[in-house]
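A.B. asks: the sequence and its predicted three-dimensional model are supplied below.
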Amino acid sequence: MRAFAAALFAIGLTIGGVGGAPASAAPRDWRTTGLHPIGQPIEVGGVAVGYLVRDRHLYARAMRPESGEVLWEREITPSRQTAGILILPAKAGDNVVLLEPRPQSGKNWASLAIIEPVTGRVLQNSRPAIFRTTPYGCFDDEAACAMSVPFKGGVRKEYRLDSMTGAFTPNPADLASARTVGEGGLMELGIRPEEPLALVRDGEIQWRRPIGDAFPTGYSTDNGWNWMHAEEEGVFAGSVYGPGTWTADAVSIDLSKGASAGLDERTGAVLWRDNGSEVGCDYSLSLRGEPVRCRSRGTVRYEHKVQRESFKDVDVTLEGFDPRTGRTRWSIPAGPATALISFLTSTPVAGARSILADLPAGKRKIDLADGSLTVPAPGEVFWCLTRSRFDFHEGYTSDEFPERFDRVGDNLATACTADGKPARSGKPSAEATKAVGATANGYSVVATIDGYRGIAVGG
């Protein structure tokens, strides 16, 4: 990815039934409004857990998928994570892991907590510290790990919180300058000029690979990254970026300067290189686990202060590829399909593995598994996605820019027609809904721009 309080239950809860059927005869959808989610929820132990913002404070909310009942809500914080990093829910096994604010210890201070998902009971929490990454499940999900500075003037290390004993201890590897760049333990160790990529598992560095082995000279995670973990193939496939042209208010990027590579998960060996493409199409593809890339020409200018983008002479080719070899499996000339490379929006979701795109021949559903195209049915409904941004009450400072309060969330969904307008009736398919939201107990919970929707999707 590019590194670019009100009363608890003061919500409008409405239940929408299935036309004319008795309540006991069919599942009933539900909706909450008057909220500001910052991204899609995840499923943890049969519960939907999402993040929302209220009065510039962040909260984790746990909901029953089948009813929307709020089980618990806790205030959370990004601590000292870089402002351009997505703030997303996380879990370790069947427990929620999150960062709770500890303002009495100072600005951005937090405790790492392991939470039982149904009751909200705190199973373990750490002593207050500064955290630099989102926590994640580690040591076979028996612990939660995160980059941390546990005392003022201390050295940043990766720490783990043991779910059984509550011990908060440093992991062996020296990760003082590291940052997470992908799922599955892929990190960049922060050592310059080598800038090694590394696989870190259970606190140990399994391998390291200089970034120059996989990408052209001058390409760096400092300019952004987007990696996918193809677990079945044992591959990390991804892109890092060239420097672009920066001004005080905007960055201009030559789209032809993309670069992709595949790294062997076991050894770190470079399996393939592909200059001119971007895995995941610069994070604009809504189904992020698919081995898809964009090969583009033209220029995009992104004005970060006003959240505006403009394109010039864009031509895009969408490709499916083999994660192990990098070979192209299928290819679709998409022409000036700027939605495929947008910073601000993601492609609408049409199904479990399909998106909707505006191609030269018109609107088409694209199956990302094989590249097949389908014309949308009259009245068909999709999930249109928009990236969320929000202000957080504690500012973030760095050497590159003054204090900033704006933060990056993830995608929020709106049921829409093929032309992108809000749907007046109907709803997206069950498969599309499951691809977007958190699914459990026959329901998917989807975050919208003003709340959550629970939609019956079957078993």
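C.D. replies: Noted; the coordinates are in hand.
A.B. asks: what's the span of stretch 95-110, first residue to last?
C.D. replies: 19 Å (CA to CA, to the nearest Å).
A.B. asks: got the contact list for that stretch?
C.D. replies: 44-45, 49, 60, 62, 74-80, 89-91, 111-117, 123, 125, 128-131, 135-137, 144, 146, 152, 163, 394 (CB atoms under 8 Å, 6 or more residues apart in numbering). All C-beta atoms are positioned from the backbone trio N, CA, C, and that covers glycine.
A.B. asks: mind listing what the closest residue in space to residue 242 that isn't next to it in sequence touches?
C.D. replies: Nearest non-adjacent residue to residue 242, counting by CB to CB, 6 or more residues apart in numbering: residue 257, 4.9 Å away. Taking CB under 8 Å, 6+ apart, we find residue 257 in contact with 241, 242, 276.
A.B. asks: quick check: the second one touching residue 223?
C.D. replies: Yes - proximity of residue 242 to residue 223 meets the contact threshold set by CB atoms under 8 Å, at 6.3 Å.
A.B. asks: sorry, back to before: narrow the contacts of residue 257 to those that are buried.
C.D. replies: Applying 16 or more other CB atoms under 10 Å to these, the neighbour count classes 241, 242, 276 as buried.
A.B. asks: among those, which ones are in helices?
C.D. replies: Using DSSP state H, no member of the buried ones among the contacts of residue 257 sits in helices.
A.B. asks: sitting in strands, which of those do you find?
C.D. replies: Using DSSP state E, the members of the buried ones among the contacts of residue 257 that fall within strands are residue 241.
A.B. asks: name the nearest of the buried ones among the contacts of residue 257 relative to residue 424.
C.D. replies: residue 241 (40.3 Å; CB to CB).
A.B. asks: ok, back up a step: closest to residue 345 out of the buried ones among the contacts of residue 257?
C.D. replies: Nearest member of the buried ones among the contacts of residue 257 to residue 345, counting by CB to CB, is residue 241, at 19.4 Å.
A.B. asks: got a list of what the residue lying closest to residue 89 once chain neighbours are set aside touches?
C.D. replies: Nearest residue to residue 89 in three dimensions, chain neighbours excluded: residue 42, at 4.6 Å (CB to CB, 6+ apart). Applying CB under 8 Å, 6+ apart, one finds that residue 42 lies in contact with 48, 49, 50, 88, 89, 90, 91, 438.
A.B. asks: give me every residue that touches the fifth one.
C.D. replies: With contact taken as CB under 8 Å, 6+ apart, residue 89 is in contact with 39, 41, 42, 44, 49, 50, 51, 60, 96, 98.
A.B. asks: export the residues you listed to a markdown table and tack on pLDDT?
C.D. replies: What follows is these, written out as a markdown table (pLDDT from 0 to 100):
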| residue | pLDDT |
| --- | --- |
| 39 | 96 |
| 41 | 98 |
| 42 | 98 |
| 44 | 98 |
| 49 | 98 |
| 50 | 98 |
| 51 | 98 |
| 60 | 98 |
| 96 | 98 |
| 98 | 98 |
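A.B. asks: turn those into TSV, columns for distance to residue 447 and secondary structure.
C.D. replies: Listed next are the contacts of residue 89 as TSV, based on distance: CB to CB, whole Å; DSSP: H, G, I helix; E, B strand; the rest coil:
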residue	distance to residue 447	secondary structure
39	6	coil
41	6	coil
42	11	strand
44	15	strand
49	11	strand
50	6	strand
51	9	strand
60	13	strand
96	16	strand
98	17	strand
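A.B. asks: could those go into CSV alongside distance to residue 367?
C.D. replies: Converted to CSV, those look like this (distance: CB to CB, whole Å):
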residue, distance to residue 367
39, 25
41, 26
42, 25
44, 30
49, 30
50, 29
51, 31
60, 35
96, 34
98, 36
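A.B. asks: for residue 322, state which of those is nearest.
C.D. replies: residue 42 (28.8 Å).
A.B. asks: quick check: the closest one vs residue 77, distance?
C.D. replies: Distance of residue 42 to residue 77, given as CB to CB, to the nearest Å: 18 Å.
A.B. asks: what about residue 124, which helix or strand?
C.D. replies: Per DSSP states H and E, residue 124 falls inside strand 122-125.
A.B. asks: so how far is that strand off the chain centroid?
C.D. replies: 25 Å (CA atoms, centre = their mean, to the nearest Å).
A.B. asks: now do the strands in the stretch 1-150 of the chain.
C.D. replies: All strands of the stretch 1-150 of the chain, identified by DSSP state E, counting those that start in this stretch, fall at 12-16, 29-33, 42-44, 47-54, 57-63, 70-76, 90-92, 95-101, 109-115, 122-125, 129-131, 136-138, 143-149.
A.B. asks: which of the ones you listed sits most buried?
C.D. replies: Among those, ranked by average contacts under mean count of other CB atoms under 10 Å, first place goes to strand 143-149 (a mean of 26).
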